[in-house]
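> any chance you could fold what I've pasted below:
(4 chains)
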Protein chains: 2
Amino acid sequence: MKKFKKGEIIQYQGDVNTKVYYVEAGLLRSYTIDENGKEHIFMFAPEGWIVADSLPPDSPCELFIDALEDSMVKVVEKEDDTIEHNESKLIKRISVLQKRIIMLLSSSATERYEYFLDTYPNISQRIPQKMIASFIGITPQALSTLRNEKASRN
Amino acid sequence: MKKFKKGEIIQYQGDVNTKVYYVEAGLLRSYTIDENGKEHIFMFAPEGWIVADSLPPDSPCELFIDALEDSMVKVVEKEDDTIEHNESKLIKRISVLQKRIIMLLSSSATERYEYFLDTYPNISQRIPQKMIASFIGITPQALSTLRNEKASRN
DNA sequence: TTGATTTCTTAATGTAGATGAATGTGCTAT
DNA sequence: ATAGCACATTCATCTACATTAAGAAATCAA
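Now for the predicted structure:
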């Protein structure tokens, strides 16, 4: 069990032999940085979630992982990991990714925002909005106006 | 081993107890249809590829699967399947999906088109362009103009 | 072959969301 | 307290891509 301070980077893009991270308390996220320096958040991992860069062994990883809050994390070597490398877990993970791809292909920013709220019901208060924007693939400004419209529809 | 005629639908959205399909010859695809009746292609599966709607058992599936060419397919029950449900295969699949999500979040239509050509090097001649457009998440018209620009840059 | 469908292209117009800049609102740290 | 900084909001402008429409080309069916 390891402690990570808010802001600490746990894994860098390009690292090899990456681990599997079980979040016991706190909040992690995984993300990439594109050639323009822009961050794109791949997933959030609050308490009870698992993060890992799922990759064939020995390939350099694509994702950064950092702590958005002070966190308690169980760090497990992929080979030693019996849970993550468990078929039904992996299949569930695939089905989540499948759903996200279909969202990105077919849904508007507003729908993707709703989808975010569904997927992570209680973390929208814990992270800056710009990160929500990054997760759903729009700018913070666009998210801001979108939320206004949503609020004024009531 | 089963034969499917071009155009034949192999699996419907909402089906349960879906199978794993090993494509020996021909070409399959998986896709959804959204509430506006628009198709969104999730993946193509030429010879040597595998298609399946990866889902927790007993949940209704999200994807249609059909044959884009006359095809020879090995159809395997998920429980009986030792290859698809093999960790390293599943992890490789996850890494492909991960890459696709990052593409969709961060790349322009042109870049996504290049990515399609990379991922499926030899099938762009075998399918209508509107399907490529659907895979990369743009309209056929946009793809048409994008290809013009690309061609005239040489 | 021929017509009928489907697909592709081109062009005009519309729009969601990006970009950039200005302003406001916290925090955090001295 | 106040300076500094990250974050949020608003607004004006811009742009990538959607939409609509209409004609050309390719494919299919009889």
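> next SSE after the longest helix along chain A?
Counting by DSSP state H, the longest helix found in chain A is helix A:87-106. Remark: after helix A:87-106, the chain's next helix or strand is helix A:109-119, criterion DSSP states H and E.
> near chain B at all, that following helix?
No. If you take C-beta under 8 Å from any C-beta of the partner chain as the test, helix A:109-119 misses chain B, and the best it gets is 10.2 Å. Quick note: C-beta positions are derived from backbone N, CA and C, even for glycine.
> again with stretch A:51-65
Yes. Contact between stretch A:51-65 and chain B, assessed by C-beta under 8 Å from any C-beta, occurs at A:Asp53, A:Ser54, A:Leu55, A:Pro56, A:Ser59, A:Glu62, A:Leu63.
> coming back round to it: list the buried residues of the longest helix of chain A.
Within helix A:87-106, the residues that qualify as buried are A:90-91, A:93-95, A:97-98, A:100-106, counting by 16 or more other C-beta atoms under 10 Å in any protein chain shown.
> out of those residues, which are close to chain B?
Among the buried residues of helix A:87-106, chain B is touched by A:90-91, A:93-95, A:97-98, A:100-102, A:104-106 when using C-beta under 8 Å from any C-beta.
> can you tell me who A:Lys19 pairs with across the strands?
A:Glu77 (DSSP bridges).
> now do the one 10 residues further on
Beta-bridge partners of A:Arg29, counted by DSSP bridges, are A:Phe44, A:Asp66.
> spell out which parts of chain A neighbour DNA strand D.
Within chain A, the residues that sit near DNA strand D (C-beta under 7 Å from any atom of the strand) are A:Pro128, A:Gln129, A:Lys130, A:Pro140, A:Gln141, A:Leu143, A:Ser144, A:Thr145, A:Arg147, A:Asn148.
> now list the buried members of those.
A:Leu143.
> give the contact list for the residue sitting nearest the centre point of chain A.
In chain A, the centroid-proximal residue (C-alpha atoms, centre = their mean) is A:Met43; its distance is 1.2 Å. Counting by C-beta atoms under 8 Å, 6 or more residues apart in numbering or on different chains, A:Met43 touches A:Arg29, A:Ser30, A:Val51, A:Phe135.
> what does A:Pro140 give?
Residues near A:Pro140 by C-beta under 8 Å, 6+ apart: A:Gln129, A:Lys130, A:Ala133.
> look up how far A:Asp15 lies from the nearest residue to A:Lys74 once chain neighbours are set aside.
Nearest residue to A:Lys74, sequence neighbours excluded (C-beta to C-beta, 6 or more residues apart in numbering or on different chains): A:Tyr22, at 4.0 Å. Applying C-beta to C-beta, to the nearest Å, the value for A:Tyr22 to A:Asp15 is 18 Å.
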